[in-house]
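[1] fold the following.
(3 chains)
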Amino acid sequence: MTGAVAAKTAAGRFFEDFRLGETIRHATPRTLSEGDASLYSALYGARFAPQSAETFARAIGYPARPIDDLLAFHVVFGKTVPDVSLNAIANLGYADCRFLEPVFPDDTLSAVSQVIGLRENSNKQSGVVHVRSRGFNQRGETVIEYVRWVMVRKRDFGAEALPAQVPKLPEAVAVVDLGSACPRIDRTAFDEALSGSPYRFEDYAQGERIDHVDGVTVEEAEHQMATRLYQNTAKVHFNQFSEGQGRFGRRLIYGGHVISLARALSFNGLANAFHIAAINGGRHVAPLFAGDTVFAWSEVVETAALPGRDDVGALRLRTVATKNRPCADFPLREGEGYEPHVVLELDYWALAPRRP
Amino acid sequence: MTGAVAAKTAAGRFFEDFRLGETIRHATPRTLSEGDASLYSALYGARFAPQSAETFARAIGYPARPIDDLLAFHVVFGKTVPDVSLNAIANLGYADCRFLEPVFPDDTLSAVSQVIGLRENSNKQSGVVHVRSRGFNQRGETVIEYVRWVMVRKRDFGAEALPAQVPKLPEAVAVVDLGSACPRIDRTAFDEALSGSPYRFEDYAQGERIDHVDGVTVEEAEHQMATRLYQNTAKVHFNQFSEGQGRFGRRLIYGGHVISLARALSFNGLANAFHIAAINGGRHVAPLFAGDTVFAWSEVVETAALPGRDDVGALRLRTVATKNRPCADFPLREGEGYEPHVVLELDYWALAPRRP
Amino acid sequence: MTGAVAAKTAAGRFFEDFRLGETIRHATPRTLSEGDASLYSALYGARFAPQSAETFARAIGYPARPIDDLLAFHVVFGKTVPDVSLNAIANLGYADCRFLEPVFPDDTLSAVSQVIGLRENSNKQSGVVHVRSRGFNQRGETVIEYVRWVMVRKRDFGAEALPAQVPKLPEAVAVVDLGSACPRIDRTAFDEALSGSPYRFEDYAQGERIDHVDGVTVEEAEHQMATRLYQNTAKVHFNQFSEGQGRFGRRLIYGGHVISLARALSFNGLANAFHIAAINGGRHVAPLFAGDTVFAWSEVVETAALPGRDDVGALRLRTVATKNRPCADFPLREGEGYEPHVVLELDYWALAPRRP
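    From the prediction side, this is the model:
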């Protein structure tokens, strides 16, 4: 009986369960609806016009109001959790994340991951697993693809590991790989009064820094509802009984929740950077807990014209989120580490319309 | 004036207001939408594949992604509250609950109840009312039917009661009455990688027990939003001002919220038991409050082939939910009563696909 | 660099930035969906039948289930915040609010405001701005129009102000201006068992007072999700870090949230007053905070037949909301001010079906 029990309940993979090159088809395809878009709005208050209004989206060239890029990302990410990171000690990072096709209400997303790197830690109690995950829609089109790496516990500390294999990852997604999820935009139809800002691609300069000013306090009910909406089952987000006895004594907030909060705050200063084309990398520098207030600022790391496109340009942005600390002075580093209030450093490409 | 005021505000029925055999048409028909499905997802994080993905639902034989069985149940239940249980001292139980037709987005549910039992308590201050409630859709088809009984206060302790009449209820819904809400399933199309488990009907054995492992902490905002979504107006769930002065000093969480939490947790071990065909009975053994963490385990009480169907089989399950206590040792009874952390004992039939 | 930063982040208008007669086109058109209707339901638990059920709405004469009047109002209001009240010291009031066209799922709302009054305060540090705001749908039809006035900080206390100009506002919306958002209702199809009350227009009398009985406790997650759903960016609702150092030490709840809570409570006694045709005026008498329990009562100020319509009549209602105080004795005034638990006094016109 006990054996049957253990077999039917998913315990998640341990480090030695991963095989280099293996492909994991993840469970629970998920149809995204206008209801999910509404919840995303209620959870973050995003105001980017194409995602907010069917009229605006159609006017500039979308066939319909697209699902927020990060909502699609979180849903794809959520599918990978039961197979990849249920026994994770830490989410170490992600890279080479590209948004390849737009997602619309009624699309159904599924996910598959391939194991592309394995490296046992020197303590032989855990190891780092790299996976390339791919989210695709009901037509089989890949809508999102990204690499992430996590530190996963070993079940058996004595298990022998194969020689380390670590994939080479790009420092940033190449400009030539940006923009396929963004239809050709009608620049003249991009109404700046409706979008909330007169600043277009050409108005941003490398090195420019923007304090997004506002702060938003996070509640337990909010991050739990968000994380369940994404069908992300990581235990640390939901179980106060066990987390109360753990390292922090608190439920840990899903890192993607912080990314979405920072992105929504960034509207104030980046209102026309309406589409995330790629995420070059992200670091969750410190944990966030309910009751904390999130602030954010961004730096324009690079600006790039897109080959063959005169409708939109790409802004490479570093968005930094802090907790309980306004960002007027752009906090990031302190000594050899991070300023102690920093919780997120996110490096991504966003598209903005060019001047007509 | 005072009379007019009293008349226009619904005070709910007291024990002596119920007449044996009377039919009560309940207020507020409710159209269920994809928005409700999204909220249900955010509130519980359910992952059963047919309810999650339009593609999966259609592949196995549904005409569309069905509304979660319990969401439909809660909505029907909610309609009965203003007429049946506004003055209830306690919800004593329910039985003979059958899910008869699937519910899809855009269906509108209404409810009717018939009083089938009345028994005054010996203290003559209250009595037990049995009602058979029926939820039906916009085509008049009954989608859910169940019996529940509640202890209701008398308005006038001196009012004479008729001789007690208590309906005879089945200990469990008969196997022959299961499955009408489940279309014929294409077993070969039931993709086990997507559904999240390789275990089908034949893999479960009577007596088998499954610890669902995970725990989820409940927040006030969550259970209030859920209970309002169901238009359930029972006062004890929403009013801290009055409940703070009451028996528990806290808002009491709607029992159906606990059922849905336990059902969502049960995915881990019962991922393919995708449809609740009937609820044989349920007992809310102890109250649940915000801040509590819910765990659950299940026992397979019985397995049954469905007459004339080779696509799905029925698992009779006892799912037990606890608060602030993991379920690795399957807590249920202690001495003559329940183990003190147990909050719910639910006896129901779920359908799972048979092997191809 | 600092200049560029200041320029790109919206700081909101200060008193001296408003010009009499100027028209402000507000950002972020918003498509309302069934998902928004579901969230509205989960946040307030409204039970008015035409908004709840497609079947009921169509039976009485609507082409579809309409979006709740106040949800549309809050969305229009939310659009005006970044331009009108980001630097507001206080929302002083609103008047002459008319609901002109029904709003249905998939409608996209935009907003425009005209400055119709400016009056510097005697302290020369702030002034009162009157705007007439107009929400319109994707066909350019005005769906809601209202005036509000806010006290706005001056950026430069030395800035010269023009002579005061204050618009003349009606004490109440004229009866002749009511009802255009309500299609002709089939009185005989207005099923009183389904709507939840037998009381129609003719059953309400001037001077009648109704205690709505129930109370509902507000949570931080709830009002934040509501206010974000409306894309209302007023800082005081979201930022505990800064508000914790402010006047109240708490996040202040959006006044519209209180209005919607009171309206939902008013179902108990006003179940058939299904449509808000106009808001004559509203005062947020005291702040509401998370943890407070809201109660409400209403007085019928006036009843009016609508010219040319025998299907519905108009009830002018004063709905009063309190915090942490039941309303059985109809609290409102005390001495020269308000009873100290009163948080809202709302004067509005609601439509109810006439007797067949």
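
[2] flag the shaky bits of the stretch 151-300 of chain A, pLDDT-wise.
    Of all residues in the stretch 151-300 of chain A, none has pLDDT under 70.

[3] what residues does it have near chain C?
    Within the stretch 151-300 of chain A, the positions near chain C by Cβ under 8 Å from any Cβ of the partner chain are A:193-197, A:199, A:203, A:205, A:207-217, A:219-222, A:225, A:268-271, A:291, A:293, A:295. C-betas here are computed from N, CA, C, even on glycine.

[4] can you get me a residue count around residue A:193?
    Using other Cβ atoms under 10 Å in any protein chain shown, residue A:193 has 14 neighbouring residues.

[5] element containing it, please.
    helix A:192-195 (DSSP states H and E).

[6] of the residues of the stretch 151-300 of chain A next to chain C, which belong to strands?
    Using DSSP state E, A:209, A:210, A:211, A:216, A:217, A:293, A:295 are the members of those that sit in strands.

[7] which parts of stretch A:284-301 are buried?
    Neighbour-count burial for stretch A:284-301, with 16 or more other Cβ atoms under 10 Å in any protein chain shown as criterion, is recorded at A:284-290, A:292-301.

[8] for the stretch 151-300 of chain A, what spans make up the helices?
    Along the stretch 151-300 of chain A, counting by DSSP state H, counting those that start in this stretch, helices occupy A:192-195, A:220-229, A:240-243, A:255-265, A:267-270.

[9] residues of the stretch 251-356 of chain A that sit close to chain B?
    So the stretch 251-356 of chain A meets chain B at residue A:251 (Cβ under 8 Å from any Cβ).

[10] export the lengthiest helix in chain A to CSV, keeping only CA atoms.
    Ordering each helix of chain A by length in residues (DSSP state H) puts helix A:69-84 first. C-alpha atoms of helix A:69-84 as CSV (Å, rounded to 0.1, in the frame of the first residue of the first chain):
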residue,chain,number,x,y,z
ASP,A,69,3.5,38.7,-22.5
LEU,A,70,4.3,38.0,-18.9
LEU,A,71,1.0,36.2,-18.2
ALA,A,72,1.8,33.9,-21.1
PHE,A,73,5.3,33.5,-19.7
HIS,A,74,4.1,32.7,-16.2
VAL,A,75,1.7,30.1,-17.5
VAL,A,76,4.4,28.3,-19.5
PHE,A,77,6.8,28.6,-16.5
GLY,A,78,4.1,27.2,-14.2
LYS,A,79,3.8,24.0,-16.3
THR,A,80,7.5,23.3,-15.9
VAL,A,81,7.5,23.5,-12.1
PRO,A,82,6.1,20.0,-11.2
ASP,A,83,8.7,18.4,-13.4
VAL,A,84,11.7,20.6,-13.0
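
[11] close to chain B, is stretch A:225-240?
    Yes - using Cβ under 8 Å from any Cβ, we find that stretch A:225-240 touches chain B at A:225, A:226, A:227, A:228, A:229, A:231, A:233, A:235, A:238, A:239, A:240.

[12] can you give me the end-to-end span of that stretch?
    End-to-end distance of stretch A:225-240 (Cα to Cα, to the nearest Å): 15 Å.

[13] so how far is it off the chain centroid?
    Relative to the centre of its chain, stretch A:225-240 is centred 15 Å away, using Cα atoms, centre = their mean, to the nearest Å.

[14] residue nearest the centroid of chain A?
    By Cα atoms, centre = their mean, the mean C-alpha position of chain A lies nearest to residue A:256, the distance being 5.2 Å.

[15] could you verify my assumption that that one touches residue A:69?
    No - using Cβ atoms under 8 Å, residue A:256 is not in contact with residue A:69, being 11.8 Å away.

[16] now the strands for the stretch 251-356 of chain A?
    A:275-284, A:293-305, A:312-323, A:333-334, A:337-338, A:342-353 (DSSP state E, counting those that start in this stretch).

[17] also the stretch 1-150 of chain A?
    Under the criterion DSSP E, counting those that start in this stretch, strands of the stretch 1-150 of chain A are mapped to A:23-25, A:30-31, A:88-99, A:108-120, A:126-136, A:142-153.

[18] strand partners (parallel or antiparallel) of the last one?
    Which is strand A:142-153. Counting by DSSP bridges, the strands paired with strand A:142-153 are strand A:88-99 (antiparallel), strand A:126-136 (antiparallel).
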